[in-house]
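Undergrad: sequence plus predicted model, see below.
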Amino acid sequence: MADVFLGVDIGTTATKVAAFGSDGGVLADHAIGYPLEEPRPGEAVQDPDVILRAVLDGVREAAAGARAAGARVGGLSFSTAMHTLIGFDKGAIAIKALREVPSPVSREAFAFRSDSALAQQAMVRCGFGIGRGADVAVRSDPNIIPVLADKYGIEVDMWVVMHEDARNSRRMRLMFDHLVNSLSDRKHRGSRRGKADG
């Protein structure tokens with residue numbers, strides 16, 4: 001009995017499963033469609049339970065077809081149109097901010113969770129998935145591409161502070177002033193660029 005391998009393509013409007021033999025030929029296949037709802041312009045919504053049922057049913061049917069052709073399933077391979085999300089774990093600021101967006105997001109939506117903005121940005125930079133980041137940080141990184149910048153954003157206050165005992169240190173004061181000026185310049189450059197892009 002020859003082995004076949006099931007290729008499972010989880011798309012935006014259908015899941016397609018094919019049983020491939022060692023020669024690359026298709027012994028059996030099955031496809032199940034599902035709706036892609038667009039309640040508002042620029043927004044797409046799908047029911048994950050419907051997609052999961054389509055995947056399970058598609059695998060079951062393709063495997064049955066392969067067995068009927070005298071083969072057995074030796075493995076599975078998945079391809080998906082969905083993107084991995086990177087986000088917060090238990091951070092109170094992020095939880096509060098994301099509760100107030102038009103489509104609220106919970107921590108369970110993220111495949112990688114961390115309350116460290118640096119860890120999230122590092123995972124985005126290495127290609128793990130899509131995440132959020134401070135505009136002043138990501139706009140200066142050529143390895144990060146902004147997506148949905150005109151559709152999605154969260155504004156939070158940023159404070160630059162130092163201990164009162166450090167105020168009399170010239171070096172600390174110079175560093176403090178440099179940070180404030182640099183962050184202000186980056187913020188204004190980002191705002192101008194966003195308006196120019198729009």
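TA: That came through fine.
Undergrad: from the structure, what's the count of residues near V17?
TA: 26 (other CB atoms under 10 Å). Quick note: C-beta positions are derived from backbone N, CA and C, even for glycine.
Undergrad: ok, D3 next?
TA: 14.
Undergrad: listing partners with orientation, what would you give for the host helix or strand of it?
TA: If you go by DSSP states H and E, D3 is part of strand 2-10. Strand 2-10 sits in its sheet next to strand 14-20 (antiparallel), strand 71-80 (parallel), going by DSSP bridges.
Undergrad: out of those strands, which is closest to G127?
TA: strand 71-80 (15.4 Å; CB to CB).
Undergrad: name the residues of stretch 114-125 that are buried.
TA: By neighbour count on 16 or more other CB atoms under 10 Å, the buried set for stretch 114-125 is S114, D115, A117, Q120, Q121, M123, V124.
Undergrad: now the fourth one, nearest residue through space, not along the chain?
TA: Take Q120 and drop its neighbours on the chain: the residue closest to it by CB to CB, 6 or more residues apart in numbering is G131, 4.8 Å away.
Undergrad: so who does the one you found touch?
TA: L85, I86, G87, F112, Q120, Q121, M123, V124 (CB atoms under 8 Å, 6 or more residues apart in numbering).
Undergrad: ditto for N181
TA: N181 neighbours (CB under 8 Å, 6+ apart): none.
Undergrad: now it. Its backbone dihedrals?
TA: Taking degrees, to the nearest 10, you get phi -70, psi -40 for the backbone angles of N181.
Undergrad: in this structure, which spans are strands?
TA: Assigned by DSSP state E, the chain shows strands spanning 2-10, 14-20, 26-33, 71-80, 86-87, 112-113.
Undergrad: in PDB, list the C-alpha atoms belonging to the strand holding D3.
TA: Output of strand 2-10 as PDB, limited to C-alpha atoms (Å, rounded to 0.1, in the frame of the first residue of the first chain):
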ATOM      1  CA  ALA A   2       1.500   3.300  -1.100                       C
ATOM      2  CA  ASP A   3       1.600   6.400   1.100                       C
ATOM      3  CA  VAL A   4       0.000   9.700   0.100                       C
ATOM      4  CA  PHE A   5       0.400  13.000   1.700                       C
ATOM      5  CA  LEU A   6      -2.500  15.400   2.200                       C
ATOM      6  CA  GLY A   7      -2.000  19.000   1.200                       C
ATOM      7  CA  VAL A   8      -4.500  21.300   3.100                       C
ATOM      8  CA  ASP A   9      -4.900  24.800   1.600                       C
ATOM      9  CA  ILE A  10      -7.000  26.900   4.100                       C
END
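Undergrad: okay, now the domains of the protein?
TA: As given by automatic domain parsing, the domain ranges for the chain are 2-80, 83-156, 160-198.
Undergrad: just to revisit the earlier point, which of the buried residues of stretch 114-125 lies closest to R139?
TA: Q121 (12.0 Å).
Undergrad: can you tell me how far that closest one is from L179?
TA: Q121 sits 18 Å away from L179 when distances are taken as CB to CB, to the nearest Å.
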